[in-house]
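Chemist: Only the shape, not the letters, is given here:
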């Protein structure tokens, strides 16, 4: 997280939770939705009858041929398949506007999510979520009591990465009020993402929006829930923390880290000398931290002179 967010976490003793429909993944919480069987059958019947009328008008119908037999003609099978593909394409084209967005908005109103990563040395995660390596990574135990969801089915759970989305059980009724209940009965879709996101190694906590712990920050759309600072296990500082814009903020950040309970393990990341990877460097004692702090502030002064 950026240093500013870390300040808010410690001072407010709270952590941000987010609406899933505002995440950067457009498939978040979105289940697999197939073309309803009833519509497929109707469109297929319409295509067959259309071919039947064409044949009748052309005078090529066999009076003794049943509709079932007629449906087996190669030209009818081909026309039916083409109609099915065209209708499926039409369905896919209107899926996003007419279904996906409303569904995600509905789910977004009902749930809030806390996301964490399994590792503190993932360069992409630092780049995306921690100010290009200028922030920090705060470590909690997965079973931290203050983070637990009221519903044990909703986390903490490891996100599963797969090629296909999980199917829904609601059929055509997925935008009804009953859908939230179905999601709670079988919430696996809340913890499933595309394989493209596997590098995140995400753990997720999902909270129902009526959870009394969730509060809105005054004069803001940000929502937070309280945490117990004693449950913080570690803090890792980014390898570019000395690139942070304000020298004063960096100093006050180091003051905060120094004042944290001794059981909180302190680390910083550094670029590996041989590979494209980050290493997790422990800071064993106050003397080591004082040296690290002085080095980073001196490095910041050098950046200012460039």
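Modeler: Structure received. Computed from a prediction, not measured in an experiment: that's the story for all the values here.
Chemist: Let me see the backbone angles for the residue lying closest to residue 211 once chain neighbours are set aside.
Modeler: Nearest residue to residue 211, sequence neighbours excluded (Cβ to Cβ, 6 or more residues apart in numbering): residue 150, at 5.8 Å. For every residue, glycine as well, the C-beta is placed using N, CA and C. Taking degrees, to the nearest 10, you get phi -60, psi -40 for the backbone angles of residue 150.
Chemist: wait, residue 150 sits on residue 208?
Modeler: Yes. Between residue 150 and residue 208 a contact is recorded at 6.8 Å, counting by Cβ atoms under 8 Å.
Chemist: Residue 267 - how many residues pack around it?
Modeler: Per other Cβ atoms under 10 Å, the neighbour tally for residue 267 reads 19.
Chemist: Pull the residues that contact the helix or strand containing it.
Modeler: Taking DSSP states H and E as the criterion, the element that holds residue 267 is strand 265-271. Contacts of strand 265-271 with the rest of the structure, by Cβ atoms under 8 Å, 6 or more residues apart in numbering, involve 120-121, 126, 133, 139, 233-239, 241, 257, 260, 278-283, 289, 292.
Chemist: pLDDT of it, averaged?
Modeler: The average pLDDT within strand 265-271 is 95.
Chemist: Could I get the buried residue list for the next helix or strand after that strand?
Modeler: Counting by DSSP H and E, the next helix or strand C-terminal to strand 265-271 is strand 278-283. Buried positions in strand 278-283, judged by neighbour count with 16 or more other Cβ atoms under 10 Å: 278, 283.
Chemist: Next secondary structure element downstream of strand 278-283?
Modeler: Per DSSP H and E, the first helix or strand lying C-terminal to strand 278-283 is helix 286-305.
Chemist: got the buried residues for that following helix?
Modeler: Across helix 286-305, burial judged by 16+ other Cβ under 10 Å covers 289, 292, 293, 296, 300.
Chemist: Please apply the same query to stretch 243-261.
Modeler: Buried residues in stretch 243-261, counting neighbours by 16+ other Cβ under 10 Å, are found at 243, 244, 250, 253, 254, 256, 257.
Chemist: And stretch 148-156, by the same measure?
Modeler: In stretch 148-156, counting by 16+ other Cβ under 10 Å, buried: 149, 154, 155, 156.
Chemist: Flag whichever of those scores worst on pLDDT.
Modeler: pLDDT across these is lowest for residue 155, at 87.
Chemist: Provide a list of residues in contact with it.
Modeler: The neighbourhood of residue 155, defined by Cβ under 8 Å, 6+ apart, consists of 114, 148, 149, 191, 203, 204, 205, 206.
Chemist: now those residues as JSON lines including distance to residue 107?
Modeler: Output for the contacts of residue 155, formatted as JSON lines (distance: Cβ to Cβ, whole Å):
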{"residue": "114", "distance to residue 107": "16"}
{"residue": "148", "distance to residue 107": "21"}
{"residue": "149", "distance to residue 107": "15"}
{"residue": "191", "distance to residue 107": "13"}
{"residue": "203", "distance to residue 107": "20"}
{"residue": "204", "distance to residue 107": "14"}
{"residue": "205", "distance to residue 107": "16"}
{"residue": "206", "distance to residue 107": "10"}
